[in-house]
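Colleague: coords please:
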Amino acid sequence: MRATRPHFYLKEEMAEPITTEDRARMLQLIGKFTGPAPWYLQSFPEVKGCEWIHHGNSGPLAHLVTLNELGRKNDPLLALNIYCTPFLLPDGKLGIWHPDGRKTIRLLAFDLAQLKHFPLEEIAGWFGNSGDSVYSVVAPLADFEFNTDQSEGTHPITVPAEFSSLEELAMTVNVRRDTGQEPSCAIFILYAHAGLLEVLPQHWFTDTKTDTGYQWITRVGRDPVTHRLIGDGIRISPFCLTEDGKNLETLLS
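Modeller: Have a look, this model is predicted:
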């Protein structure tokens, strides 16, 4: 049996105190960030005329999250497996990103107006057998991926036109490490409009300081006031990162 641990056991490291007002504002922002299915269903982007539905934790539809027209629970338009994170593109299309294997992040874009209904029975047990993460009877408008085994820094990346209006998308993923002293997580920030990908290893998040697999960073975004990256995770208190985005500045609760 796993020993009981606190939600996070790093010591708080603050360069400068954060005001009560800033702390409250950051916590409110984090609460609105979208996280992966099915844990962060309540934070999923609102789609007009539709609703997100979680189909429970057992049975052939276990952990499945679907996008349905209101009142049509058994005829979804789109299905997401665990670890998928949806987001709205600036032109109203729906984007989804998810880890695809141990060294890849995959991104897809769908035109919401083109999605078609399918019966739930069509995907009963589908994800468990196929290993896929997204199901739709309509092909995505765009589908691309990038390797997460990349060095720290900013790299050029070719992005499909359907994503070109996206200014900033922060994604988190576990990364390969050779020792317990190396970061076990990195934040990848896609600046699609500029064709750039920034890799920010989290030097405070190592095997020696965290319980990898039990604690993990799930969602991160930019505070528009301080321009710092802020976020939270499973069994991790909300946090604010240092200016370079690679170390812990402070815990927010």
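
Colleague: from here on, just use CA atoms for contacts and neighbour counts.
Modeller: Noted.

Colleague: can you list contacts of stretch 84-100?
Modeller: Contacts of stretch 84-100 with the rest of the structure, by CA atoms under 8 Å, 6 or more residues apart in numbering, involve 34-37, 44-45, 83, 105-112, 133-134, 163, 165-166, 173.

Colleague: quick one: low-confidence ranges for this structure?
Modeller: For the chain, the stretches with pLDDT under 70 are 1-16, 128-129, 176-180.

Colleague: ChimeraX command to pick out the buried ones of the contacts of stretch 84-100?
Modeller: To isolate the buried members of the contacts of stretch 84-100 in ChimeraX, using 16 or more other CA atoms under 10 Å:
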select :34,35,36,37,44,45,83,105,106,107,108,109,110,111,112,133,134,163,166,173
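
Colleague: what segments of the stretch 151-253 of the chain are strands?
Modeller: For the stretch 151-253 of the chain, applying DSSP state E, counting those that start in this stretch gives strands covering 153-156, 169-174, 185-191, 196-201, 216-222, 229-234, 236-241, 248-251.

Colleague: among those, which comes closest to residue 52?
Modeller: Residue 52 sits nearest to strand 216-222 of all the strands of the stretch 151-253 of the chain, at 18.6 Å, using CA to CA.

Colleague: tell me what that closest one is packed against?
Modeller: Here strand 216-222 touches strand 169-174, strand 229-234, going by 3 or more CA pairs under 8 Å, 6 or more residues apart in numbering; DSSP states H and E.

Colleague: how far away is the closest residue to residue 61 other than its chain neighbours from residue 220?
Modeller: Excluding its sequence neighbours, the residue lying closest to residue 61 (CA to CA, 6 or more residues apart in numbering) is residue 124, at 5.6 Å. Note on residue 124: its distance to residue 220, by CA to CA, to the nearest Å, is 32 Å.

Colleague: of those two, who's got more company?
Modeller: The neighbour count for residue 124 versus residue 220, taken as other CA atoms under 10 Å, is higher for residue 220 (26 against 15).

Colleague: do I have it right that the more buried one meets residue 170?
Modeller: Yes. The criterion here is CA atoms under 8 Å, and residue 220 meets it with residue 170 at 6.1 Å.

Colleague: okay then, goodbye and thanks.
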